[in-house]
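> predicted model and sequence below, questions to follow.
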Amino acid sequence: MRILLVEDDPQLGDGLTVGLRQTGFAVDWLRDGHSANLALQSETFDLVILDLGLPKLSGMDVLHQARQRGQAMPILILTARDATGDKVLGLDAGADDYLVKPIDIDELSARARALIRRSAGRAAPLLTHGELALDPAARRVTLAGQNVELSTREFSLLQMLLESAGRVLTRSQLEQSLYGWRDEPDSNALEVHIHHLRKKLGSELIRTLRGVGYTISK
Ligand code: CA
């Protein structure tokens with residue numbers, strides 16, 4: 001799952017990036033409103049975490065413009081403790097949730113998972129498919145009740161495919177969501193992860209559509 005983090009405070013931005021990556025998100029971190037506004041026009045994110053006090057273009061303007069363009073991804077705003085009016089303005093302008101600084105990384109991760117889950121149209125926290133169950137909060141996968149050990153990338157890949165069961169995800173959608181702008185993937189990295197998932201979960205689960213992408217049936 002790919003998150004765009006927009007925060008100009010270097011220490012906070014760095015801490016949140018590291019913390020969110022540790023819980024399995026791909027994080028792209030930008031430090032001003034203008035670059036965030038541009039990125040949102042050319043890239044796809046599963047969630048935006050947006051500070052309101054930003055250089056060049058305010059977080060509120062970024063939020064307004066994204067919603068005016070019809071972009072529907074969940075947006076969580078970060079507000080300063082003393083700026084109580086910001087929460088109301090932000091929620092009314094189309095934000096889905098807010099957190100007041102100082103930010104607790106566990107709470108932020110949990111809210112991120114909940115927002116992504118709801119935007120995928122799912123109320124239940126578990127993703128299931130036949131005897132397979134994936135728990136995004138506990139980062140656990142079981143097959144017929146038995147734990148299956150997956151790497152961070154394998155877990156994210158499986159989660160994306162299950163979230164979109166019945167739809168085909170293209171290579172570039174999967175790669176963007178797995179890697180963000182950071183570490184450019186090896187050309188065959190995606191195939192390697194898929195290969196490992198099939199070995200661990202059975203060859204029938206993930207179907208390849210040659211030249212298009214991958215899918216898990218509904
Ligand atoms: Ca700020």
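The structure has been received and is ready for your questions.
> from here on, contacts and neighbour counts on C-alpha atoms
Noted.
> for Gly24, which non-adjacent residue is closest in space?
In this structure, Gly24 finds its nearest non-sequential neighbour in Thr152, 6.1 Å apart by CA to CA, 6 or more residues apart in numbering.
> now the one residue in the chain that gets nearest to the ion: phi and psi?
Closest residue of the chain to the ion, CA to the ion: Gly53 (4.0 Å). The phi/psi pair for Gly53 (degrees, to the nearest 10) reads phi -90, psi 100.
> chain neighbours aside, what residue packs nearest to it?
Gly59 (6.1 Å).
> mind listing what the one you found touches?
Gly59 is in contact with Gly33, Leu50, Asp51, Leu52, Gly53, counting by CA atoms under 8 Å, 6 or more residues apart in numbering.
> pLDDT added to the residues you listed, as CSV?
Listed next are the contacts of Gly59 as CSV, based on pLDDT from 0 to 100:
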residue, pLDDT
Gly33, 98
Leu50, 98
Asp51, 96
Leu52, 94
Gly53, 93
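> any residues touching stretch 15-30, and which ones?
Applying CA under 8 Å, 6+ apart, the set of residues contacting stretch 15-30 is 1-8, 13, 36, 105, 109, 152-153, 156, 177-182.
> can you give me the helices for this protein?
10-22, 33-42, 59-68, 84-92, 105-119, 152-163, 171-179, 189-201 (DSSP state H).
> same question for the fifth one, mean pLDDT?
I take that to be helix 105-119. The average pLDDT within helix 105-119 is 94.
> for that helix, buried residues please.
Across helix 105-119, burial judged by 16 or more other CA atoms under 10 Å covers Ile105, Leu108, Ser109, Arg111, Ala112, Arg113, Ala114, Leu115, Ile116, Arg117.
> and the pLDDT at the closest residue to the first one other than its chain neighbours?
Nearest residue to Ile105 in three dimensions, chain neighbours excluded: Gly19, at 6.4 Å (CA to CA, 6+ apart). Reported pLDDT at Gly19 in the predicted model: 95.
> with the one 10 residues further on instead?
pLDDT, Trp29: 97.
> which residues does the residue nearest to Leu201 when sequence neighbours are not counted contact?
Distance criterion CA to CA, 6+ apart; nearest residue to Leu201, sequence neighbours excluded, is Leu143 at 7.4 Å. Contact partners of Leu143, counting by CA under 8 Å, 6+ apart, are Glu131, Leu132, Ala133, Leu201.
> farthest-separated two in the residues you listed?
Ala133 and Leu201 (11.0 Å; CA to CA).
> who's more crowded, those two?
Ala133 (20 against 16; other CA atoms under 10 Å).
> and this structure, which of its residues are near the ion?
Gly53, Leu54 (CA under 5 Å from the ion).
> residue ranges with poor pLDDT in the chain?
Along the chain, the parts satisfying pLDDT under 70 run over 182-187.
> domain ranges for it?
Domain assignment for the chain by automatic domain parsing gives 2-119, 127-215.
> and among those domains, the most buried is which?
Most buried of these, by mean neighbour count (mean count of other CA atoms under 10 Å): domain 2-119, with a mean of 18.
> tell me what Arg140 is bridged to.
Beta bridges link Arg140 to Asp135 when assigned by DSSP bridges.
> surely it is in contact with Leu132?
No: the criterion here is CA atoms under 8 Å, and Arg140 misses it with Leu132 at 10.7 Å.
> got the contact list for Lys200?
Contacts were defined as CA under 8 Å, 6+ apart; by that measure Lys200 touches Val148.
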